[in-house]
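*Asks:* Here is a sequence together with a model predicted from it:
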Amino acid sequence: ASFDRLSPNETYGDWKNLSLSYYHRQTPDLTWFASANNFVRKEGNGMLGAVGAYMDWSDSFFTFTSLSGGANTSYLPKVRIDQDFDFKFGGKKNLVWTVGGSYIKYYGENRDYIWSTGLTAYLDKSVVSYRLFRTRANPGSVVSNSHQFSIAVGTEKHEVTTLIYSFGNQAYMASYRTDPQLIDNDARTITLSH
């Protein structure tokens, strides 16, 4: 469950989310998952479902694939496809270079293409990561960039505390207006979870 307090609150209100996820290790090399999410927001409530898998192809390469879709709301995708390619390197294979892409089709004519790359270091009891995202929003081919830093401390299957800091530019063409307008905002997000 999560609760987000947005600023300015009188404009955006609060966001509430309840999620349920199931992960299953099918084989030592394949883990699949399914999730359901319920969103409560000022602009309307919505549901989102997702399925996906992590697959180890070798000791130096794995992938993440996900397909999701949501209810007819302005903020949830009708269809979203995510694909990451992860390359392990270093003496202990504890450094990972990720190259990824996403396609998001919203209800209506809006759609996003997102390319990303980043590095992750798996240390003894922590994981440190950086990722750069470049988004092309259509209609209008509006480009924006964002960054994400994260650190997780703990042990898998026990307790893990994660801090994520994201910042950058979020832009798109508001084509639902009678006079389409470019929306171009800077954004920052801080997330702490345990």
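*Replies:* Happy to help now that I have it. On a predicted model such as this, the values are computed, not experimentally measured, just so you know. Numbering: from 1, shown residues only.

*Asks:* ends of stretch 174-190, how far apart?
*Replies:* Taking Cα to Cα, to the nearest Å, stretch 174-190 runs 26 Å from one end to the other.

*Asks:* Give me the average confidence score over it.
*Replies:* Model confidence over stretch 174-190 averages 77 on the pLDDT scale.

*Asks:* swap in stretch 107-122?
*Replies:* When pLDDT is averaged over stretch 107-122, the result is 94.

*Asks:* Pull the residues that contact it.
*Replies:* With Cβ atoms under 8 Å, 6 or more residues apart in numbering as the contact definition, stretch 107-122 has outside contacts at 72-74, 78, 84, 94-106, 127-139, 148, 172, 175-176. C-betas here are computed from N, CA, C, even on glycine.

*Asks:* buried ones in that stretch?
*Replies:* Within stretch 107-122, the residues that qualify as buried are 110, 111, 112, 114, 116, 118, 120, 122, counting by 16 or more other Cβ atoms under 10 Å.

*Asks:* pLDDT below threshold where in the chain?
*Replies:* For the chain, the stretches with pLDDT under 70 are 175-178.

*Asks:* Show me where it has its strands.
*Replies:* 2-5, 14-27, 30-40, 46-58, 61-70, 77-89, 95-106, 111-122, 126-138, 142-154, 160-174, 181-193 (DSSP state E).

*Asks:* start to end distance for stretch 174-183?
*Replies:* From its first residue to its last, stretch 174-183 covers 6 Å (Cα to Cα).

*Asks:* list the contacts for residue 94?
*Replies:* Going by Cβ under 8 Å, 6+ apart, residue 94 touches 88, 121, 122, 123.

*Asks:* give me phi/psi at it?
*Replies:* Backbone torsions for residue 94, taken as degrees, to the nearest 10, come to phi -100, psi 0.

*Asks:* From residue 20, how far off is it?
*Replies:* Taking Cβ to Cβ, to the nearest Å as the criterion, residue 94 is separated from residue 20 by 31 Å.

*Asks:* Same question for residue 96.
*Replies:* Residue 96 sits 28 Å away from residue 20, going by Cβ to Cβ.

*Asks:* Those two: which is more packed in?
*Replies:* Neighbour count, other Cβ atoms under 10 Å: between residue 96 and residue 20, residue 96 has more, with 21 against 10.

*Asks:* Need the residue closest to the centroid of the protein.
*Replies:* In the chain, the C-alpha nearest the mean C-alpha coordinate belongs to residue 82, at 8.9 Å (Cα atoms, centre = their mean).

*Asks:* For the nearest residue to residue 4 once chain neighbours are set aside, give its distance to residue 1.
*Replies:* Leaving aside its sequence neighbours, residue 4 sits nearest to residue 15 (Cβ to Cβ, 6 or more residues apart in numbering; 4.0 Å). Look at residue 15 and residue 1: by Cβ to Cβ, they are 12 Å apart.
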